[in-house]
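**Student:** sequence below, structure please.
(2 chains)
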Amino acid sequence: MLDPKLLRESPDLVRAAIAKKHLDVDLDAVLALDASWRAQLQETEQLRSQQKAANTEMAKLPKGSPEFIAKVQEMKALSAQVKEREAQLKETEEKWKQAVLALPNLPHESVPEGRTPEENVVFSTHGDVNAVSPHAKAHWEVAGFDRLFDFARGAKVTGAGFPFYVGDGAKIVRALLHFFLDEAGRAGYLEVNPPIFVNAASATATGQLPDKEGQMYETADKLYAVPTAEVPLTNYLRDEILDESALPVYRCAYTPCFRREAGSYGKDVRGLNRLHQFDKVELLKWVHPSTSYEELDKLRLDAERLLQKLGLPYRVLLMCGGDLGFAQAKKYDLEVWSAGQKRWLEVSSCSNFEAFQARRAQIRFRAKGADKPELVHTLNGSGLAVPRVLAAILENNLQEDGRVKIPDALVPYFGKEFLSFA
RNA sequence: GGAGAGGUGGCAGAGUGGUCGAAUGCGCAUGAUUGGAAAUCAUGUGUGCGGGCAACCGUACCGAGGGUUCGAAUCCCUCCCUCUCCGCCA
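**Tutor:** Here you go, the predicted model:
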């Protein structure tokens, strides 16, 4: 959520932000709504003030006295008026809230102009895409793939996009998660094992609700399966005021992630590329506003280091305004090279939300001596999402004999040097 | 799942219709005292929203939402959560 004061004082900044993100928002309508909400609020508060004053007077009057009875009659009219105005105010407030919630975060000045994903800037490229296995093929075409990654039985038991991981397939998932969590711990993130269902308040605070409702699985008692650990983890500190000295707070969490992916069809749903359930380690930071861009760079490097240690070629994209999410001020995507598919696969997305999430979730800190608490900045990034990293390993490291060479850094976790499909 | 008891400020805890944003204690902050500290004394000490350059003013908030009333922390309804006992269970 954007600062309503910013909207009032500098509507042009907000207008520019909407233009840079190539969104369609009728800002003038929002401004008009804001003005009418404030006018109604003041009127209503003024009436309530009268009511309170009368109440104090009445308390001093003897209960059954004629003055008292007269006052009660008089106040009935005011009371009715207050009720009516409050109802109106509530209605306007609801509209106002929806309108303000629909305003996107301001993109940072360093975010490049652009409308489409093609206009994202290649920030850096690492490793040699030609240095991968000459035997690479799309991972779903590798002989024996279906034994280790059993989509057919997954479809029978649950549905499309819910594979079974079997034998070395299960083992390499566990090895990757273990490796990711250990690395995050070394980088200073405290490991957390959060609930994987959240309530509506939490999903709203991080922005999944109200608009992305259809992307989540919902249970009979109105809980949502987490689409990412970002949701429970960010909400961990919801409605709390931290001590300034506690910042920055670093947390990481592994959770399975559940996404309905309604409306995504076509080529990129093959194999491990897009699943309804997948495993991911998420990195979270709550930081002092003055340091958040420095922290974003460090967060990105923490994610990059994982790909470097796994020896996978990757590139970093700096997202342009049009491809930046609604809530992000700046975002980098990490894409791993998939030698068999001959394309880049997104495996991490590192973002600075500035105070946008913190305002919705009311996560603040108090500076020493300051009278007012201040909103923190939140950042998060994947570190990393398993299936696509796994796809890249399977493809890039495929040997002539059909086995897969396990990256050196992963061998201690996997327990052997080759993954076998046999 | 059943029965009972509860949810009040950073914490403990009073308050059962009006003068209550809320006693008191602890904690915390500032000042006095002290060579310094402890102790003591004094003062202050929540958050959101709106208005105002500001000092400050207004309003809301006593688990959440609704209701009754001129007026609700207090009465009624629904829901959520915690604790105790019983049942069930990894």
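
**Student:** what helix or strand is the residue in the stretch 101-250 of chain A that RNA strand B sits nearest to located in?
**Tutor:** Minimum separation of the stretch 101-250 of chain A from RNA strand B (C-beta to the nearest atom of the strand) falls at A:Ile241, amounting to 6.5 Å. Placement of C-beta: from N, CA and C, glycine included. Assigned by DSSP states H and E, A:Ile241 belongs to strand A:240-243.

**Student:** please name every helix or strand in contact with that strand.
**Tutor:** Based on contacts counted as 3 or more C-beta pairs under 8 Å, 6 or more residues apart in numbering; DSSP states H and E, the elements that strand A:240-243 packs against are strand A:363-366.

**Student:** from the chain's centre, how far out does the strand it packs on sit?
**Tutor:** Centroid displacement of strand A:363-366 relative to its chain, using C-alpha atoms, centre = their mean, to the nearest Å, is 19 Å.

**Student:** show me what contacts A:Pro122?
**Tutor:** Quick fix: residue A:122 is Val, not Pro. Each residue near A:Val122 by C-beta atoms under 8 Å, 6 or more residues apart in numbering is listed here: A:315-318.

**Student:** generate a PyMOL selection restricted to the buried entries among the residues you listed.
**Tutor:** Here is the PyMOL command that selects the buried residues among the contacts of A:Val122 (16 or more other C-beta atoms under 10 Å):
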select buried, chain A and resi 315+316+317+318
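
**Student:** any chance of the contacts of A:Val122 in CSV with pLDDT and distance to RNA strand B as columns?
**Tutor:** Conversion of these to CSV gives the following (pLDDT from 0 to 100; distance: C-beta to the nearest atom of the strand, whole Å):
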residue, pLDDT, distance to RNA strand B
A:Arg315, 97, 40
A:Val316, 97, 36
A:Leu317, 97, 35
A:Leu318, 97, 32
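
**Student:** kindly indicate which of the contacts of A:Val122 lies nearest A:Leu6.
**Tutor:** Closest approach between those and A:Leu6, by C-beta to C-beta: A:Leu318, at 24.5 Å.

**Student:** quick check, A:Leu247 in contact with A:Pro289.
**Tutor:** No - with contact taken as C-beta atoms under 8 Å, A:Leu247 and A:Pro289 are classed as non-touching, separated by 9.6 Å.

**Student:** phi, psi of A:Ser124?
**Tutor:** With angles defined as degrees, to the nearest 10, A:Ser124 sits at phi -160, psi 160.

**Student:** what's the closest non-adjacent residue to it?
**Tutor:** Of all residues beyond its chain neighbours, the one nearest A:Ser124 is A:Val316 (4.7 Å), with distances taken as C-beta to C-beta, 6 or more residues apart in numbering.

**Student:** repeat that for A:Asn396.
**Tutor:** With C-beta to C-beta, 6+ apart as the criterion, A:Asn396 has its nearest non-adjacent residue at 4.0 Å, and that residue is A:Val132.

**Student:** A:Glu141 now?
**Tutor:** For A:Glu141, the nearest residue in space outside its immediate sequence neighbours is A:Gly340; the separation is 7.3 Å by C-beta to C-beta, 6+ apart.

**Student:** next one: that neighbour from RNA strand B, what distance?
**Tutor:** Applying C-beta to the nearest atom of the strand, to the nearest Å, the value for A:Gly340 to RNA strand B is 40 Å.

**Student:** for that residue, phi and psi?
**Tutor:** Dihedral angles of A:Gly340 (phi, psi; degrees, to the nearest 10) stand at phi -80, psi -40.

**Student:** that one: neighbouring residues, count only.
**Tutor:** Using other C-beta atoms under 10 Å, A:Gly340 is surrounded by 22 other residues.

**Student:** can you list the residues of the stretch 251-400 of chain A near RNA strand B?
**Tutor:** Neighbours of RNA strand B within the stretch 251-400 of chain A, by C-beta under 7 Å from any atom of the strand: A:362, A:364, A:366, A:372-373.

**Student:** going by secondary structure, the residue in chain A positioned nearest to RNA strand B is in what exactly?
**Tutor:** Nearest residue of chain A to RNA strand B (C-beta to the nearest atom of the strand) works out as A:Ala59 at 2.5 Å. Here A:Ala59, judged by DSSP H and E, is contained in helix A:27-60.

**Student:** give me the buried positions along that helix.
**Tutor:** A:27, A:30, A:33-34, A:37, A:40, A:44, A:47, A:54.

**Student:** all strands for the stretch 1-150 of chain A, in order.
**Tutor:** The residue ranges that make up the strands of the stretch 1-150 of chain A, judged by DSSP state E, counting those that start in this stretch, are A:121-126, A:149-150.

**Student:** any chance of those in CSV with mean pLDDT as columns?
**Tutor:** Shown next, in CSV, are the strands of the stretch 1-150 of chain A (pLDDT from 0 to 100):
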stretch, mean pLDDT
strand A:121-126, 96
strand A:149-150, 96
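
**Student:** what's A:Trp201 in contact with, if anything?
**Tutor:** For the record, residue A:201 is Ala, not Trp. A:235, A:238.

**Student:** and it, its phi and psi?
**Tutor:** Backbone torsions for A:Ala201, taken as degrees, to the nearest 10, come to phi -60, psi -40.

**Student:** now the buried residues of helix A:27-60 as JSON lines including distance to A:Tyr413 and pLDDT?
**Tutor:** Formatted as JSON lines, the entries for those read as follows, by distance: C-beta to C-beta, whole Å; pLDDT from 0 to 100:
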{"residue": "A:Leu27", "distance to A:Tyr413": "51", "pLDDT": "93"}
{"residue": "A:Val30", "distance to A:Tyr413": "51", "pLDDT": "94"}
{"residue": "A:Leu33", "distance to A:Tyr413": "55", "pLDDT": "94"}
{"residue": "A:Asp34", "distance to A:Tyr413": "54", "pLDDT": "94"}
{"residue": "A:Trp37", "distance to A:Tyr413": "55", "pLDDT": "94"}
{"residue": "A:Gln40", "distance to A:Tyr413": "61", "pLDDT": "94"}
{"residue": "A:Thr44", "distance to A:Tyr413": "62", "pLDDT": "93"}
{"residue": "A:Leu47", "distance to A:Tyr413": "67", "pLDDT": "93"}
{"residue": "A:Ala54", "distance to A:Tyr413": "72", "pLDDT": "90"}
